[in-house]
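>>> sequence first, then the predicted structure:
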Amino acid sequence: MAAPAQLHAFSLDNGLRVLLNEDRRLPLVAVHVAYRVGSADEAPGQHGLAHLFEHLMYGGSENLPGTYLSHLFAAGAHDLNGRTTLDSTHYFETVHRDALDFALFAEADRMGRLVLCEETLEKQRQVVLNELRQYRERSRGRLVERIDAECYPAGHPYRHGVIGSEADLLALRLDQAHEFRQRHYHAANAVLALAGDLTRDEAMRRCERAFGGLPAGPPITRDPVEVSSKAARSWGFDDASPSPQKRLVWQLPAMPSPDREGMRLFQIALESRLRAESSAGTSLPRIGLAFHRLATRLEFEWNAPDPARIERSFDAFEALWNRLMKSGFSASEAEQSRRLRWRQRLLNLDARSGVAALMIEGELAQGDLASAFVSRERLAAIDPTAVMRRCFAADDVGAAPWSLRSSADSFPASSTENAGPVSPRRRPPPASADCRTLENGLQLTLQARSGAELVSGRLLLRAGSSAEPSEQMGVAELCAEASLQARVGGMSWRQRAEAMGCEIGVEVQGEVLRLSWSSALAQWRDALALVEQFRGVAIDAEAFAAARSRQLAAIELASASAEAATQRVLPALLFDSAQASVRIASGLRSTVSALGLDQAIAFKQKAWGLADARCVLVGDLEPGEAIEALERWKAGPETTRPGIEAAVPKAASPSVHLLDIPGARQTLLTVAWALPNPARETEPALRALDLLLAGSFSSRLNLRLREELGWTYGVRSRLGDIAAARRYEIQAWIPAERSLDARAEILRAVEAFSHQRVDADALASLQRGEALRTLGRSERIEDAASEIEGRLRLGLDPRLAPDLSRVTAEQLREIATTRLDPGRAISLFAGDATRLRGLPSAAGLAATSVHADAEALYSRQR
């Protein structure tokens, strides 16, 4: 998107740089503070200090003691987080306009009056060490560390990663943290971006009041670093982990902000070509692109259940790369990449936080807040083939495809001129969704929005795993993926979507097959037509074989991942039998291997009609036009299907289970409960209980396990969205020796809600914050569509978000007593069984089961 018209920049007397995008459409403001300090600025022996200091900045200030997460969450902040990079550290949140002064005061107080003490340092040190161990739990973490050492010479500031060294973190002292703060955390070394509902005069007045009294701080000088103008390739392979991985990294010269769009366009074009030429028996790489002050980094990562598959995939990639270097991208591929990038830009700018992040990027990279914005005209002038050849030129591509160097020439300077004036318009609060049933049987929920130039859609068909024959577990997902791969006129349906600049996705969950799509406003009719055609596409043998191969590989990978393996076994531990609503979407090795093409075709013909189907549309469109377009959809088979019966919870015996992940260094602890079907009357209290217990940064368990005890990087929770087999999970990565203690802490916290009086102040604070967050949750069109979809899936009124303002302490106590009885909880420890097997008996816990994966568990129940 071209730079918005209402961009401003000014500096306070103490050197604080302030960037502003005035956007009056909603009473929201994104606040983003960036400090020009990252891991590259760490002294030898202090690797990890920049990242650790990011955590220390949440530890409390003179006027706001305790965790900053609690203060900001109580103020209604959303999109609340922080991150450390090689070159900078960022803190950001979006708040209601009424809470802006508090957010600015909070940022200023920790900038100038942060409280550092031994207790806070030790707590946050343990949190970061747990994050480091969790990072290394995945072979990706170990592989990245190894490649970093290969990419950069000794002494280079990028040679060590952001997350740091365990030895250095353990040795860091409080005086070193104080020295780091005094050197880097001050007004003259910071940039503040504000995007939202305030004028330039208001921004100047409010920023001066909050930050004007802070000192400028000492000037920053950095030693010069030799920067290569040539491209260099490094790679590593890790086959000693449960999940083998290969990683290829290109180190390229640093790029100014306007030129980065060329590399992003090249990445999109390359990803599309890789998908188009993929075949059965190979895996697609995950591609990452990162821009730094001293370098640009392009990464490819392959994951597969066996090393041979990775090598086949890598060989196929090499061959494709060589062809691209010779022939380049076609004109249609180039145009497709531009359309996809434009849609990405619209999605980024649909939230004020995205605008603030772009202003920060331009300021840090170029000293120009507008330089990271790009007009449609600028995109049209970028040729991904030219970008590729500038960056990866070679003297003899055929003979030495990997001995590449890049031209030292820069890209042509790009213009940040606006494509046209952008007049901020006040966007009214999102309208209530309009619900109706169309003549073809489709149940439509539509919410018209203005000003975003985007349309987001969901189609929920009753064609999920609950609709499968019991002996064909996995056929719903296989049918969906094979339909995406099926080719008509030489193009798959995913390629057709990309060609028009749209994105289409398919996911199976419980009774639902979910088709999702998003498009720029100009393509919304084409996107609807594509979704309708997708329902009728015939699955061919080649697409079926490729989809089944990928699904089997995904099942193998899942068995080596603690997170994925937990999600596969948990339903069968909570519910009595493998009823329709408890099936695993991806299926089992045995069932997927036995599936045939005729079964997939028969399933699609029977289940993909519009009977009981629901559609969600949110975006910049006229309701009448959308309804007219959807009325053209064919109803399909009129198969009558009974409702899905609620799964029957198991008796909680055994209550403790071990899931063996050989070689795992940490334990993923999950404590879960089976829940009854959702109800409008109890849903608000259940959600409030989750937020107070484990579902927010400032929840009781996060404060206890993360902030007080330092046992985990963070506690997370999940309220399930499969109505007929709903569950509630509390989950955390825990060192094996602390896993039983953590389980006891979780159960004690749950029991406290049943037997102790709920803190009235905590409940009131949550309700005030949620009232301010309500508007922010639907700020993005994608988020609004997801919120409506979630309510539909649970059988709730899609027009009404759960209202937490009326929840009482008595309701919380009743929900905790009736829904989260500690005696009915299932505890699952996913980790290396050789480390865990003796723990339950040592703690006096009875009835423990050990599971290798979901295969035997579900096979016994079929």
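Received, thanks. Numbering: from 1, shown residues only.

>>> got the buried residues for the helix or strand where residue 550 lies?
Here residue 550, judged by DSSP states H and E, is contained in helix 541-559. By 16 or more other Cβ atoms under 10 Å, the buried positions in helix 541-559 come out as 543-555, 557-559. For the C-beta atoms, the positions are set from N, CA and C on the backbone; glycine is no exception.

>>> after it, next one along is what?
As assigned by DSSP H and E, the chain's next helix or strand after helix 541-559 is helix 562-574.

>>> what average pLDDT does the helix holding residue 550 get?
Confidence over helix 541-559 (mean pLDDT, whole number) is 91.

>>> shouldn't residue 682 be in contact with residue 812?
No - using Cβ atoms under 8 Å as the test, residue 682 is too far from residue 812 to be in contact (10.8 Å).

>>> more neighbours, those two?
More neighbours surround residue 812 than the other of residue 682 and residue 812, with 20 against 17 (other Cβ atoms under 10 Å).

>>> helix or strand for that one, which one?
Here residue 812, judged by DSSP H and E, is contained in helix 809-819.

>>> then residue 82?
Assigned by DSSP H and E, residue 82 belongs to strand 78-84.

>>> which residues outside that strand are in contact with it?
Strand 78-84 is contacted from outside by 30, 38-39, 50-51, 54, 57-58, 69, 72-73, 89-95, 162, 351, 353, 697, 773, 776-777, using Cβ atoms under 8 Å, 6 or more residues apart in numbering.

>>> which ones among the residues you listed lie within strands?
Applying DSSP state E to the contacts of strand 78-84, the entries found in strands are 30, 89-95.

>>> could I have the buried ones of these as PyMOL selection syntax?
Applied in PyMOL, the following selects the buried portion of the ones in strands among the contacts of strand 78-84 according to 16+ other Cβ under 10 Å:
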select buried, resi 30+89+90+91+92+93+94+95
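
>>> where along the stretch 301-450 of the chain do the strands fall?
Under the criterion DSSP state E, counting those that start in this stretch, the stretch 301-450 of the chain contains strands at 434-437, 443-448.

>>> can you list the buried residues in stretch 115-123?
Buried residues in stretch 115-123, defined by neighbour count with 16+ other Cβ under 10 Å: 115-116, 120-121, 123.

>>> quick check: mean pLDDT of that stretch?
94.

>>> can you list contacts of it?
56, 59-62, 65, 172, 174, 177-178, 181, 707-708, 710.

>>> residue 480: which of the residues you listed is nearest?
residue 707 (42.0 Å; Cβ to Cβ).

>>> surely the closest one meets residue 67?
Yes - in this structure residue 707 lies within contact range of residue 67 using Cβ under 8 Å: 5.7 Å.

>>> give the burial count for residue 598, as a bare number.
Residue 598 has 10 nearby residues by other Cβ under 10 Å.

>>> hang on, it is in a helix, isn't it?
Yes - under DSSP: H, G, I helix; E, B strand; the rest coil, residue 598 falls within a helix.

>>> tell me, what's the model's pLDDT at it?
Value for residue 598, per-residue pLDDT: 96.

>>> distance check, it against residue 200.
66 Å (Cβ to Cβ, to the nearest Å).

>>> which parts of the stretch 651-800 of the chain are helices?
Assigned by DSSP state H, counting those that start in this stretch, the stretch 651-800 of the chain shows helices spanning 683-693, 700-701, 739-755, 760-777, 781-793.

>>> which of these has the lowest mean pLDDT?
Taking the mean pLDDT of the helices of the stretch 651-800 of the chain, helix 760-777 comes last: a mean of 88.

>>> report the buried residues of that helix.
Across helix 760-777, burial judged by 16+ other Cβ under 10 Å covers 762-763, 765-766, 769-770, 772-776.

>>> tell me which strands and helices it is in contact with?
Counting contacts by 3 or more Cβ pairs under 8 Å, 6 or more residues apart in numbering; DSSP states H and E, helix 760-777 is packed against helix 68-74, strand 78-84, strand 89-96, helix 683-693, helix 809-819.

>>> tilt between that helix and helix 683-693?
Angle, helix 760-777 to helix 683-693, by axes from the mean of the first three to the mean of the last three Cα atoms, to 10 degrees: 110 degrees.

>>> and helix 760-777, C-alpha only, in PDB?
Extracted C-alpha coordinates of helix 760-777, given in PDB (Å, rounded to 0.1, in the frame of the first residue of the first chain):
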ATOM      1  CA  ALA A 760     -13.700  -9.300  43.200                       C
ATOM      2  CA  ASP A 761     -11.000  -6.800  42.200                       C
ATOM      3  CA  ALA A 762      -9.500  -9.300  39.800                       C
ATOM      4  CA  LEU A 763     -12.900 -10.000  38.200                       C
ATOM      5  CA  ALA A 764     -13.800  -6.300  37.900                       C
ATOM      6  CA  SER A 765     -10.400  -5.600  36.400                       C
ATOM      7  CA  LEU A 766     -10.900  -8.400  33.800                       C
ATOM      8  CA  GLN A 767     -14.300  -7.100  32.900                       C
ATOM      9  CA  ARG A 768     -13.100  -3.500  32.400                       C
ATOM     10  CA  GLY A 769     -10.200  -4.700  30.200                       C
ATOM     11  CA  GLU A 770     -12.500  -7.000  28.200                       C
ATOM     12  CA  ALA A 771     -14.900  -4.100  27.500                       C
ATOM     13  CA  LEU A 772     -12.100  -2.100  26.000                       C
ATOM     14  CA  ARG A 773     -10.700  -5.100  24.100                       C
ATOM     15  CA  THR A 774     -14.100  -6.000  22.400                       C
ATOM     16  CA  LEU A 775     -13.600  -3.500  19.600                       C
ATOM     17  CA  GLY A 776     -10.000  -4.400  19.000                       C
ATOM     18  CA  ARG A 777     -10.900  -8.100  18.600                       C
END
